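**Student:** Need coordinates for the below:
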Amino acid sequence: MLQPAGRRQLFPLKWFRARTVEGAEFAATARKRAGEVPLYQSPVRLLVLLAVSIFFGETCVMLLLHLFPEPHPLVEAFLDAFMLLLIVSPTLYFFLFRPFMHHLQRQQQSEAEIRILSRRLMAATEQERKRVAMDLHDHFGQVLTSLHYSLEGLRDALARKGMDENPRCAEMMTTVRRLGEDIRSYAACLRPAIIDDLGLVPALDWLVGELGRQHPEMRLSFRAMGLKRQLSPLVAEMLYRISQEALNNAIRHAKAGKIEVGLLYNHPSLILTIRDDGVGCPSVASGHGLGLWSMRERSALIGGSVRIAGKPGAGTLVRVEVPLAEEGEGDAG
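**Tutor:** So this is what the prediction gives:
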């Protein structure tokens, strides 16, 4: 059975209209985006605009020169160049310099917003680390301590009944004790309370000593000189995290046998150095990698800078320099 012609054309007509509307919207969006692109980002358009401006500018200059008596060739050349520059300058300003400065300001504003967001993210991360460390230390530590006392009570009860000490009981007590030590170690790595209580220098000393105990095959040393001022909590936290990241990179990737950590106050800056004698790695030598990016970001948040010098087979040096304020920071970081 044949369908009416109008019904047969209904679907193609709707499809054609839909495609036409989509095409028009796409074209409008493309034109809008093209209009938003500054001329300095489109060399062909800028070249055409400059050529047209120079052509009309030179034409106007020649017409104006013919209105005056014939000057000296040198004066004519000077007037020609001056009037051409005077005519073309507005074009260069409105279509090249002004859009470029506007784009530069927006880029600087975007970078500033990213810095602010990065600071908030890192602050939130530190707060979360602190909360998790407190939960591990307080809640789970108390539970394990209670379990340890319960096992001791069970052992004493078995002894009072004249029964031999069950080796499984002693084994469980040892496991609980090791688990408690591991939890305290993890909590200290997440957020060592020594930073808040004593400052940066004792925290770095503890960190180097802890890593030295975990990796006895390596020689780790720490030395602090000249720091007699109390650092702000933000500076202490960021420098501690940078040291932690640099030491982890040296231990995991550099295959180093010796790692030296130094903290030096050289007015008006605080200098942190982490030096190893390892083989180096491409990410450290090139300055790329997520860990290295985090070190740079943390340093930038406190107004410092990071310099990484490393070659394959020649070890790596991480140097962080942070300017300290004249006031507000005083004993023993």
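**Student:** looking at this protein, which helix or strand does the model trust least?
**Tutor:** Every helix and strand of the chain was ranked by mean pLDDT, DSSP states H and E. The lowest is helix 5-36, at a mean of 46.
**Student:** following that one, which helix or strand shows up next?
**Tutor:** The element immediately downstream of helix 5-36 (helix or strand, assigned by DSSP states H and E) is helix 43-65.
**Student:** and the following helix or strand past that next one, what does it pack onto?
**Tutor:** Note on helix 43-65: by DSSP H and E, the next helix or strand toward the C-terminus is helix 73-92. Using 3 or more C-beta pairs under 8 Å, 6 or more residues apart in numbering; DSSP states H and E, the elements in contact with helix 73-92 are helix 43-65. Where C-beta positions appear, they are placed from N, C-alpha and C, glycine not excepted.
**Student:** quick one: buried residues of the helix it packs on?
**Tutor:** Buried residues in helix 43-65, counting neighbours by 16 or more other C-beta atoms under 10 Å, are found at 46, 49-50, 53, 57, 61.
**Student:** want to try a markdown table for these, with distance to T145 as columns?
**Tutor:** As requested, the buried residues of helix 43-65 are arranged in a markdown table below (distance: C-beta to C-beta, whole Å):
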| residue | distance to T145 |
| --- | --- |
| L46 | 73 |
| L49 | 78 |
| L50 | 79 |
| S53 | 82 |
| G57 | 87 |
| V61 | 92 |
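**Student:** I251: which of these is nearest?
**Tutor:** When these are compared for distance to I251, the smallest value, 52.7 Å, is given by L46; criterion: C-beta to C-beta.
**Student:** S243 - how many residues pack around it?
**Tutor:** 24 (other C-beta atoms under 10 Å).
**Student:** I'd say it and G262 touch.
**Tutor:** No - with the criterion set as C-beta atoms under 8 Å, S243 and G262 do not qualify as a contacting pair; they are 10.4 Å apart.
**Student:** Which neighbours do the two have in common?
**Tutor:** When contacts are counted by C-beta atoms under 8 Å, 6 or more residues apart in numbering, S243 and G262 have 272, 274 as shared neighbours.
**Student:** List the residues that contact L144.
**Tutor:** Residues counted as contacts of L144 (C-beta under 8 Å, 6+ apart) are 176, 179-180, 183.
**Student:** Show me the residues you listed that map onto helices.
**Tutor:** The subset of these located in helices under the criterion DSSP state H comprises 176, 179-180, 183.
**Student:** Buried among those? Make that a PyMOL selection.
**Tutor:** Command for PyMOL, covering only those of the ones in helices among the contacts of L144 found buried under the criterion 16+ other C-beta under 10 Å:
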select buried, resi 176+180+183
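**Student:** quick check, nearest of the ones in helices among the contacts of L144 to N249?
**Tutor:** When the ones in helices among the contacts of L144 are compared against N249 (criterion: C-beta to C-beta), the nearest one is I183, at 25.6 Å.
**Student:** give the contact list for that closest one.
**Tutor:** With C-beta under 8 Å, 6+ apart as the criterion, the residues that contact I183 are 136-137, 140-141, 144.
**Student:** now these as JSON lines including secondary structure, distance to F97 and pLDDT?
**Tutor:** Converted to JSON lines, those look like this (DSSP: H, G, I helix; E, B strand; the rest coil; distance: C-beta to C-beta, whole Å; pLDDT from 0 to 100):
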{"residue": "L136", "secondary structure": "helix", "distance to F97": "58", "pLDDT": "77"}
{"residue": "H137", "secondary structure": "helix", "distance to F97": "59", "pLDDT": "72"}
{"residue": "F140", "secondary structure": "helix", "distance to F97": "62", "pLDDT": "78"}
{"residue": "G141", "secondary structure": "helix", "distance to F97": "64", "pLDDT": "76"}
{"residue": "L144", "secondary structure": "helix", "distance to F97": "68", "pLDDT": "81"}
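**Student:** Kindly indicate which of those residues lies nearest A254.
**Tutor:** Nearest to A254 among those, counting by C-beta to C-beta, is L136 at 29.7 Å.
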